[in-house]
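I'd like to go over a predicted model; first the sequence, then the structure.
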Amino acid sequence: MNIALFPGSFDPFHNGHAEVVERAAGLFDEVVVAAIRNPQKSEPLFTLKEREEMLRDSLAHLERVRIVSVSTLVVNVARDVGATVIVKGLRAVSDFENELQMAQMNKELAGIETMFLPTSSTSSFIAARLLREVARFGGDVSSLVPKPVADRLREKFAK
């Protein structure tokens, strides 16, 4: 069985992420989407548990997708779920430099390959950082995120 791991902070999960999961689901027997605590990023907007719930709700239409949330190295998650490849989405050339370094490190640490899937032009501009900022100031991001995420963002900033 070919299992792909799609890791990310997903804070919040958006349509660009969903596109990558849907495309990966067509290429692999199973896709494990892992919400991961990234210590290099600022304090998250949503807890890991909240992100896992949003992922479940947003991806419920896909049969061969499993959701996990963890605070460990991606290569450890890959080993634990039996992944044969790590899938990463690329929005622009600027994403490639950082993702390439991580792919090379993961290959060195665990021998696991990374597959890059470019997003479509309709979602290449979407970044979780921008979504958080727009939503925080009352902007409508509902066309850029799955409905369960839009609902959670409205709840989060209605307070």
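Cool, got the structure.

now the lengthiest helix in the chain: buried residues?
Secondary structure of the chain read by DSSP state H shows that its longest helix is helix 93-110. Across helix 93-110, burial judged by 16 or more other Cβ atoms under 10 Å covers 95, 99, 103, 106, 110. Any C-beta I mention is one placed from the backbone N, CA and C, and that applies to glycine too.

ok, the second one touching residue 116?
Yes - between residue 99 and residue 116 there is a contact under Cβ atoms under 8 Å: 6.6 Å.

between those two, what contacts are shared?
Both residue 99 and residue 116 are contacted by 88, 90, under the criterion Cβ atoms under 8 Å, 6 or more residues apart in numbering.

with just CA atoms, put the helix or strand following the longest helix of the chain into PDB.
Of the helices and strands lying after helix 93-110 in sequence (DSSP states H and E), the nearest is strand 113-118. C-alpha atoms of strand 113-118 as PDB (Å, rounded to 0.1, in the frame of the first residue of the first chain):
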ATOM      1  CA  GLU A 113      11.400  10.800  -0.600                       C
ATOM      2  CA  THR A 114       9.400  14.000  -0.900                       C
ATOM      3  CA  MET A 115       7.000  14.800  -3.800                       C
ATOM      4  CA  PHE A 116       6.200  18.400  -4.600                       C
ATOM      5  CA  LEU A 117       2.800  19.200  -6.000                       C
ATOM      6  CA  PRO A 118       2.300  22.800  -7.400                       C
END
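
just the strands in this protein please.
Using DSSP state E, the strands of the chain run over residues 3-8, 30-36, 65-70, 85-90, 113-118.

okay, those in JSON lines with distance to residue 148, mean neighbour count and mean pLDDT next?
Shown next, in JSON lines, are the strands of the chain (distance: least, Cβ to Cβ, whole Å; neighbours: other Cβ atoms under 10 Å; pLDDT from 0 to 100):
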{"stretch": "strand 3-8", "distance to residue 148": "16", "mean neighbour count": "24", "mean pLDDT": "98"}
{"stretch": "strand 30-36", "distance to residue 148": "14", "mean neighbour count": "24", "mean pLDDT": "97"}
{"stretch": "strand 65-70", "distance to residue 148": "12", "mean neighbour count": "19", "mean pLDDT": "95"}
{"stretch": "strand 85-90", "distance to residue 148": "19", "mean neighbour count": "21", "mean pLDDT": "97"}
{"stretch": "strand 113-118", "distance to residue 148": "23", "mean neighbour count": "15", "mean pLDDT": "96"}
